[in-house]
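S.K.: Predicted coordinates and the sequence they were generated for:
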Amino acid sequence: MKITNDINKYIFRGYDIRGKYPEDLYEDVAYTIGRSYGTYIKKFNQTKCVVGHDNRYSYQELTKALISGILDSGMDVVYLDLVTTPMYYYAQIKLGIPAGVMVTASHNPKDENGFKFSFDERGNAKGEMIQEFLKFTLEQKFDDDCLGNLESYDIRNEYIELFEKSLNFGKRRVKVVLDPGNGTTTSIVKDMFEKFPVDFEIICGESDPTFPNHHPDPCVEKNLEMLKRRVLETGADVGLGFDGDGDRLGVVDEKGNYIATDKYMVIIIRDIFDKVQNKKFLYDVKCSKVVEDEIRRLGGEGICYRTGNSYTKAKVKEEDLPFGGELSGHVYFRDRFPGFDSGLYAGLRLLEILSKTDKKTSELLDGLNKYYSTEELKFVSSDEKKASVVQKVVEYCQDKGYDINTIDGVRATFPDGWALVRYSNTGPNITARFEANTPTRLEEIKSEFIDLIEKNNVI
């Protein structure tokens, strides 16, 4: 292993480092990032860091090289081995070590990997923090005066105990189908659910980072077809899907219908509203108006914030909110849980609600206002071009005099709907979502903004 200056700067993205293996990420790049990281976190008075990895095949080469680089910089490492990202977060809390690196590409395709990392108590690095780290990495002024120490730690049992202390099931025994999508959650899902009074069946339960059954993103409805079928075949009350590294949740009701995360959030807010003192709740710019409507109906206050796990989680903590989340499947409980995103915990909280009611899963959404929405739409755009395309949309909306929110791209709000256009921080894409009171109006808004994106996204 050796230090290399052959590093693609575009793998340093908005929330993490993420790229293709072995084109962008390979042994020497991982080692160089390790040397940089181990040196860099000394600026924040860190003496140790935590390292874990998901189940992707490339973890072996990348994790070994990363740790070697960190140790060669003189930084001590606590190695967690195979863990979900939420298990990694909890290890940081239990050990009191805020600095760490999780080797994962989350729900990205099988040929990708990456590093999600934190420097100090601020949590996952994001935005300018990552760009500053990139600059430092490219300068290559790394410490090498001593060798750090390596130790191992097993967080598994403590993680399961955390859930047992945080959940209190009722008398009804819920039947659930679980789909970890052959991702890292396969390593713990059976042992975890055996601790609770539920009847469960697991599909796609073998660890296989080729993801042979479907892509491990449970918040894209087409990836839940197997789960939907099995829920209907078994007469289950609900189906729960988890992503590649276990920090996100997808839900299917007893009728085989997908429940988007914004509607899942409504179920949770309804459940906890009278049990928490702070009546503020966070949702991201991609969420349906049903979230805002329900919070107002209950008498609470909603905070519409930018998309991105690193941003939304930090904001929920900063504002001391009892709950928040975003459409992509990340949700944060701080009422009786430490506030990090865990797909397993989010799923079990839904089962806990069902265990205390005779209502079916679909009935938990009774009374919502009706809107017509698109899924999150993606338009391929180069990393060099995507920001300028979104800026053109912002300028268009300003010229039109639209009511806009520019905290994350641009969300234009109309009396009968809204449009969101932003660029992805995790890949070369522009993303968009649209919603309206009627199908006709939805098509009008959608057509206006898709035409605008395509006009300005000519490569």
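M.R.: Yep, that arrived. Numbers count the residues shown, from 1 in each chain.
S.K.: which other residues reach stretch 157-168?
M.R.: Contacts with stretch 157-168, where a contact means C-beta atoms under 8 Å, 6 or more residues apart in numbering, come from 86-87, 90, 94, 188, 191-192, 195-196, 336-338, 344-345, 348-349, 352. From N, CA and C alone the C-beta is placed, and that goes for glycine too.
S.K.: and the gap between the residue nearest to residue 300 when sequence neighbours are not counted and residue 245?
M.R.: Distances taken as C-beta to C-beta, 6 or more residues apart in numbering place residue 279 nearest to residue 300, at 3.8 Å, with adjacent residues excluded. Using C-beta to C-beta, to the nearest Å, one gets 32 Å for the distance from residue 279 to residue 245.
S.K.: the more surrounded of the two?
M.R.: In this comparison of residue 279 against residue 245, neighbours counted by other C-beta atoms under 10 Å, the higher total goes to residue 245 at 30 against 16.
S.K.: thinking again about what came up before, please check the contacts of stretch 157-168 and keep the buried ones.
M.R.: For the contacts of stretch 157-168, a neighbour count by 16 or more other C-beta atoms under 10 Å gives the buried set as 86-87, 90, 188, 192, 196, 337-338, 344-345, 348-349, 352.
S.K.: Mind listing the residues bridging to residue 250?
M.R.: With DSSP bridges as the criterion, residue 250 is bridged to residue 241.
S.K.: wait, doesn't it sit right on residue 240?
M.R.: Yes. Using C-beta atoms under 8 Å, residue 250 is in contact with residue 240, at 7.3 Å.
S.K.: any shared contact partners between the two?
M.R.: A shared contact of residue 250 and residue 240, defined by C-beta under 8 Å, 6+ apart, is any residue touching both; here these are residue 227.
S.K.: who are the neighbours in contact with residue 137?
M.R.: Taking C-beta under 8 Å, 6+ apart as the definition of contact, the neighbours of residue 137 are 7, 12, 32, 33, 36, 40.
S.K.: nearest to residue 152, of those?
M.R.: The shortest separation between residue 152 and any of the contacts of residue 137 is 21.4 Å, and it belongs to residue 33 (by C-beta to C-beta).
S.K.: my read: the closest one touches residue 17, true?
M.R.: Yes. Applying C-beta under 8 Å as the test, residue 33 and residue 17 come out as touching, 6.8 Å apart.
S.K.: Residue ranges in this structure under the pLDDT threshold?
M.R.: Low-confidence regions of the chain, defined here as pLDDT under 70, cover residues 459.
S.K.: and it, what are its domains?
M.R.: If the domains of the chain are taken from automatic domain parsing, they occupy 9-154, 157-365, 372-456, with pieces of a single domain joined by a plus sign.
S.K.: Just send the ones you listed back as JSON lines, with distance to residue 3 too.
M.R.: As requested, those are exported to JSON lines (distance: least, C-beta to C-beta, whole Å):
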{"stretch": "domain 9-154", "distance to residue 3": "5"}
{"stretch": "domain 157-365", "distance to residue 3": "27"}
{"stretch": "domain 372-456", "distance to residue 3": "25"}
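S.K.: any idea whether residue 122 is helix, strand or coil?
M.R.: Three-state secondary structure (criterion: DSSP: H, G, I helix; E, B strand; the rest coil) places residue 122 in coil.
S.K.: show me what contacts it?
M.R.: Counting by C-beta under 8 Å, 6+ apart, residue 122 makes contact with 129, 314.
S.K.: Residue 1: which of the domains of the chain is closest?
M.R.: Taking those one by one with C-beta to C-beta, domain 9-154 is closest: 4.1 Å.
S.K.: Quick one: the helices in the chain, in order.
M.R.: If you assign secondary structure with DSSP state H, the helices in the chain sit at 27-40, 59-72, 85-95, 128-139, 156-166, 189-193, 225-234, 261-272, 289-298, 309-318, 343-354, 386-400, 439-456.
S.K.: With distance to residue 283 as added columns, please give the ones you listed in CSV.
M.R.: Below are the helices of the chain laid out as CSV (distance: least, C-beta to C-beta, whole Å):
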stretch, distance to residue 283
helix 27-40, 32
helix 59-72, 33
helix 85-95, 20
helix 128-139, 24
helix 156-166, 22
helix 189-193, 27
helix 225-234, 24
helix 261-272, 6
helix 289-298, 5
helix 309-318, 9
helix 343-354, 15
helix 386-400, 21
helix 439-456, 20
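S.K.: For residue 117, which of those helices is the nearest?
M.R.: Go through the helices of the chain one by one with C-beta to C-beta and the one that ends up closest to residue 117 is helix 27-40, at 6.6 Å.
S.K.: by contact count, what packs against that closest one?
M.R.: helix 59-72, helix 128-139 (3 or more C-beta pairs under 8 Å, 6 or more residues apart in numbering; DSSP states H and E).
S.K.: Just name the most buried of those.
M.R.: Neighbour counts averaged per stretch over the helices and strands packed on helix 27-40 are highest for helix 59-72, at a mean of 22; criterion: mean count of other C-beta atoms under 10 Å.
S.K.: which residues touch that one?
M.R.: Counting contacts by C-beta under 8 Å, 6+ apart, the residues touching helix 59-72 from outside are 1, 21-22, 25-28, 30-38, 49, 51, 53, 77, 79, 82, 101, 103, 113, 115, 144, 147-150.
S.K.: again, 7 Å this time
M.R.: Here helix 59-72 makes contact (C-beta atoms under 7 Å, 6 or more residues apart in numbering) with 1, 25, 27, 30-35, 37-38, 49, 51, 53, 77, 79, 101, 103, 113, 144, 147-148, 150.
S.K.: what does stretch 194-204 give?
M.R.: Surrounding stretch 194-204, the residues in contact under the criterion C-beta under 7 Å, 6+ apart are 160, 163-164, 167, 169, 173-182, 189-190, 193, 213, 226-227, 230, 234, 348, 351.
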